[in-house]
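Undergrad: Turn this into a model:
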Amino acid sequence: MRRSWVWAVVAGLALTAGAARADFAAGLAAALAGDYATALAELKPLADAGDAKAQYNLGVMYANGQGVAQDHAEAARLYRLAAEQGNAGAQYNLGVMYANGQGVPQDYAEAARLYRLAAEQGHANAQFNLGNMYRIGQGVPQDHAEAARLYRLAAEQGDAGAQVNLGFMYDNGQGLPQDYAEAVRLYRLAAEQGIAAAQFNLGRMYDNGQGVPQDHAEAARLYRLAAEQGNAGAQNNLAVMYANGQGVPQDHAEAARLYRLAAEQGNAGAQNNLGVKYAKGQGVPQDFITAHMWANLAAANGNDRAPAARDAIAAAMTPADISEAQRRARECLASSYTRCD
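TA: Numbering: from 1, shown residues only. Just a heads-up that it's a prediction; the model follows:
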C-alpha cells in the first residue's frame with residue numbers, strides 16, 4: 001500500500017481564531033524547516049484543544065519520529081481524532097496504518113472504510129489505495145469496475161500509479177471494455193512522469209503494435225528507460241531486441257548483460273534466455289554448467305521453455321558437470337541470486 005505522511009498545506013486553513021491560525025502556521029513552518037521542537041511546542045496545545053489540522057500534523061511527527069520518539073500508536077490516536085472531524089489526510093494516513101497493522105491491529109476492512117471517507121473528499125492517494133483493494137478483493141469484495149472507477153478519479157488528478165493501473169485494466173479489458181488506444185494514452189501519462197512500469201508497458205505496446213503503430217525503435221527506447229530503473233521485464237525485453245537486432249543493432253554481449261540483470265531479479269524468462277546464451281556462447285563464453293544452472297532456475301520459476309532447454313544442455317554434459325550445475329543453482333537460489341557465478 002502506498003504510504004504518505006504529508007504535512008497539511010498552509011493555504012486553505014479554516015481555524016476560527018486568528019491567534020490559533022498564527023500558531024498553526026508557525027508550527028507548520030517550523031516543521032517544514034526541520035525545527036521540530038518549535039513545531040511540537042506550537043502544534044501540541046492546538047491538538048490538545050481539538051484542532052484537526054494540528055492533530056493530523058502532530059500525528060505525522062509521531063509517525064516519523066520527528067521531534068518526538070517514534071510512536072505509531074500515538075500517531076494513530078491523533079489521526080483518529082482528526083479523522084473523526086473529517087480531515088481527509090488523517091483518514092488516509094490512519095487507513096494506511098490499518099492496512100499495514102502499524103500502531104493498530106491490521107484490519108483491511110477498516111482501512112477500506114477510512115480510504116473511502118478520504119476518497120470521497122477527492123484524496124487521490126486514498127482513491128488509488130481503495131482502487132487497489134477493490135482490484136484484489138482486500139477488505140472489500142473484488143470489483144474490477146469499482147477499482148477502475150477509483151483509479152480514474154485519481155488518474156484525472158495526475159496520479160501516476162492510478163494511470164498505470166487504469167491503463168493495465170484497459171489493456172486487458174478488466175472491469176471495462178478492452179481499449180488499447182486508451183491504455184496507451186494512460187501509460188504515456190505515467191511514463192512521462194518517469195514511472196518504470198508505465199515505460200515498460202508502453203514499450204510493450206509499441207513492440208506489439210497495440211494501440212499505436214508498431215515501432216521497435218520506440219519500444220527499445222522505452223524499455224531502456226524502464227530497464228535503467230531496474231525493471232526486470234524491460235531488461236529482458238530489451239535484451240531480446242539486442243539479441244535479434246530489432247530496433248537496436250544486434251549485440252549479443254549487451255543482450256547477455258541485460259538478461260543477467262533481469263535474471264538476478266528472478267525473472268524466469270531472462271534466466272532461461274541467459275542459459276541459452278551460455279549454451280551457445282553468444283555474448284558470453286560457452287559454459288554448459290552455467291547454462292544448465294540458469295535453465296534449471298528458470299524451470300523452477302515456472303518458465304515453460306526452460307525444462308526442454310535444460311535437458312538439451314544436459315545432453316552435452318557429464319554427470320559430474322550436471323551435479324555441479326545443480327549445486328550452483330541451489331547456492332544461487334539460496335543467496336537470492338547474489339552468488340550465481
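Undergrad: Go ahead and confirm His123 touches Gln91.
TA: Yes: His123 lies in contact with Gln91 (Cβ atoms under 8 Å); the separation is 7.5 Å. Any C-beta I mention is one placed from the backbone N, CA and C, and that applies to glycine too.
Undergrad: more neighbours, these two?
TA: Using other Cβ atoms under 10 Å as the criterion, His123 and Gln91 rank with Gln91 on top: 27 against 23.
Undergrad: What does the pLDDT read for the more buried one?
TA: Gln91 is assigned 98 on the pLDDT scale.
Undergrad: cool, and Leu28?
TA: If you check Leu28, the pLDDT there is 87.
Undergrad: Okay, Leu94 and Leu78: tell me how far apart.
TA: Distance of Leu94 to Leu78, computed by Cβ to Cβ, to the nearest Å: 9 Å.
Undergrad: For these two, work out which one has more neighbours and name it.
TA: Leu94 (32 against 27).
Undergrad: tell me the contacts of that one?
TA: Going by Cβ atoms under 8 Å, 6 or more residues apart in numbering, Leu94 touches Ala76, Tyr79, Arg80, Ala83, Val104, Leu114.
Undergrad: Go through whatever helix or strand it lives in and flag the buried ones.
TA: Per DSSP states H and E: Leu94 is located in helix 88-100. By neighbour count on 16 or more other Cβ atoms under 10 Å, the buried set for helix 88-100 is Ala88, Gly89, Ala90, Gln91, Tyr92, Asn93, Leu94, Gly95, Val96, Met97, Tyr98, Ala99.
Undergrad: what domains does the record give for the chain?
TA: The chain breaks down by automatic domain parsing into domains covering 1-157, 169-227, 230-341.
Undergrad: Dump the buried residues of helix 88-100 to CSV, plus distance to Ala198.
TA: What follows is these, written out as CSV (distance: Cβ to Cβ, whole Å):
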residue, distance to Ala198
Ala88, 26
Gly89, 26
Ala90, 30
Gln91, 28
Tyr92, 23
Asn93, 26
Leu94, 29
Gly95, 25
Val96, 23
Met97, 28
Tyr98, 29
Ala99, 24
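Undergrad: Specify which member of these is nearest to Glu182.
TA: Distance to Glu182 across the buried residues of helix 88-100 (Cβ to Cβ) is lowest for Tyr92, with 27.6 Å.
Undergrad: Quick check: the gap between that closest one and Ala145.
TA: Relative to Ala145, and taking Cβ to Cβ, Tyr92 is found at 23 Å.
Undergrad: what angle do the helix or strand following the helix holding Leu94 and helix 88-100 make?
TA: Under the assignment DSSP H and E, the closest C-terminal helix or strand after helix 88-100 is helix 108-119. Per axes from the mean of the first three to the mean of the last three Cα atoms, to 10 degrees, the angle that helix 108-119 makes with helix 88-100 is 160 degrees.
Undergrad: CA atoms only for the next helix or strand after helix 108-119 - export them in PDB, please.
TA: Per DSSP H and E, helix 108-119 leads on to helix 124-136 as the next helix or strand towards the C-terminus. C-alpha atoms of helix 124-136 as PDB (Å, rounded to 0.1, in the frame of the first residue of the first chain):
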ATOM      1  CA  ALA A 124      -6.000  10.900  -4.800                       C
ATOM      2  CA  ASN A 125      -3.800   8.500  -2.700                       C
ATOM      3  CA  ALA A 126      -6.900   7.200  -1.000                       C
ATOM      4  CA  GLN A 127      -8.700   6.700  -4.300                       C
ATOM      5  CA  PHE A 128      -5.600   4.800  -5.600                       C
ATOM      6  CA  ASN A 129      -5.300   2.600  -2.500                       C
ATOM      7  CA  LEU A 130      -9.000   1.900  -2.300                       C
ATOM      8  CA  GLY A 131      -8.900   1.000  -6.000                       C
ATOM      9  CA  ASN A 132      -6.100  -1.500  -5.300                       C
ATOM     10  CA  MET A 133      -8.300  -3.100  -2.600                       C
ATOM     11  CA  TYR A 134     -11.200  -3.500  -4.900                       C
ATOM     12  CA  ARG A 135      -8.900  -4.900  -7.600                       C
ATOM     13  CA  ILE A 136      -7.600  -7.700  -5.400                       C
END
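Undergrad: Tell me which residues are up against helix 124-136.
TA: Contact with helix 124-136 is made by 1-2, 4, 88, 91-92, 95-96, 99, 108, 111-112, 114-119, 138-144, 146-151, 153-154, 157-159, 161-162, 165, as judged by Cβ under 8 Å, 6+ apart.
Undergrad: For the helix or strand following it, name the packing helices and strands.
TA: Later in the chain than helix 124-136, the nearest helix or strand by DSSP H and E is helix 144-155. Helix 144-155 sits against helix 124-136, helix 160-172, with contacts defined as 3 or more Cβ pairs under 8 Å, 6 or more residues apart in numbering; DSSP states H and E.
Undergrad: Would you mind giving these as CSV with mean pLDDT added?
TA: What follows is these, written out as CSV (pLDDT from 0 to 100):
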stretch, mean pLDDT
helix 124-136, 98
helix 160-172, 98
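Undergrad: For stretch 74-84, buried residues please.
TA: If you call a residue buried by 16+ other Cβ under 10 Å, then stretch 74-84 has these buried ones: Glu74, Ala75, Ala76, Arg77, Leu78, Tyr79, Arg80, Leu81, Ala82, Ala83.
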